[in-house]
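# I'll drop the sequence and a predicted model, then ask my questions.
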Amino acid sequence: MTAKHRLPECITPERAAKVRRVATARQHDLTLVLANIHDPHNVSAVYRSCDAFGVSTVHLYYTDTAFPVLGRKTSASARKWVETQRHADAGAMVAGLHTQGMQVLCTACSEKARPLTDYDFTRPTAIILGNEHRGADPELQALAHDELYIPMMGMVQSLNVSVAAAIILYEAWRQRMAKGMYDASSLDDEALERLVQTWSAW
């Protein structure tokens, strides 16, 4: 490790090892788009799931709903470790995701939608999660490559958006773990060291 990348002296060896392990496992080609989700508890829970399953970045698409005020106790710890990018233009946001080579999937209950397990989440992927009441807005659905749904066996065919996010990310985690994608960083050495150094200072 160079002087430029030297970790703070106050960090314990155990903490340093955890920071490096978690940073290495971050999936920089797997992301969620939160589209006008208004409940702060749902947003906080989604961030916690993103951190748990190694998602590095969350995209916030808010056009007609104010981004909710999140309580510090429930969200700050997870949001600290997950990068946030804000958007107000659907076309520009999706174009940016396409530029990164991502398949863009939208959660939906339409006839076009296919089961979650039909998709290959080892590919670079962005998943759009829509508003709690109306789902994803039509302009987002039109821009997505495809639509997905979570198969359910009960009488009620809907899930809380934060629960849906966790189930989708678990399936992505399962597929990626099987291919060893959490074992080595997708970042180059320089970028990984910058991330480790930043996290170690927090």
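Received it, and whenever you're ready, just let me know what you need.
# use CA for all of it now, contacts and neighbours both
Fine.
# which SS class is residue 34?
Secondary structure, DSSP: H, G, I helix; E, B strand; the rest coil: residue 34 is strand.
# count the neighbours of it for me.
Residues near residue 34, counting by other Cα atoms under 10 Å, number 23.
# in the protein, which helix or strand is least confident?
Here the helix or strand of the chain ranked lowest by mean pLDDT, DSSP states H and E is helix 77-79, holding a mean of 83.
# got the contact list for residue 27?
Residue 27 makes contact with 54-56, 182, 185-186 under the criterion Cα atoms under 8 Å, 6 or more residues apart in numbering.
# again, but for residue 33
Applying Cα under 8 Å, 6+ apart, we find residue 33 in contact with 58-61, 126-129.
# thinking again about what came up before, flag every buried residue along the least confident helix or strand of the chain.
Neighbour-count burial for helix 77-79, with 16 or more other Cα atoms under 10 Å as criterion, is recorded at 78-79.
# circling back: quick one: least confident of the contacts of residue 27?
For those, the model is least confident at residue 186; its pLDDT is 93.
# surely it meets residue 23?
No: in terms of Cα atoms under 8 Å, residue 186 does not count as a neighbour of residue 23; the distance is 10.2 Å.
# quick one, which of these two is more surrounded?
residue 23 (22 against 16).
# OK, contacts around that one?
When the contact criterion is Cα under 8 Å, 6+ apart, the partners of residue 23 are 185, 192, 195-196.
# now these as TSV including secondary structure and neighbour count?
Rendered in TSV, the data for the contacts of residue 23 read as follows (DSSP: H, G, I helix; E, B strand; the rest coil; neighbours: other Cα atoms under 10 Å):
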residue	secondary structure	neighbour count
185	coil	18
192	helix	17
195	helix	17
196	helix	23
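# closest to residue 31 among the residues you listed?
Checking the contacts of residue 23 against residue 31 with Cα to Cα, the nearest one is residue 185 at 15.8 Å.
# for residue 87, see how far away that closest one is.
Remark: distance between residue 185 and residue 87 (Cα to Cα, to the nearest Å) = 27 Å.
# show me where this structure has its helices.
Here the chain has its helices, by DSSP state H, at 13-25, 40-52, 77-79, 90-99, 138-143, 161-178, 189-200.
# which other residues reach the second one?
Translated: helix 40-52. Here helix 40-52 makes contact (Cα under 8 Å, 6+ apart) with 37, 56, 58, 68-71, 74-75, 78-79, 81-82, 160-162, 165-166, 169.
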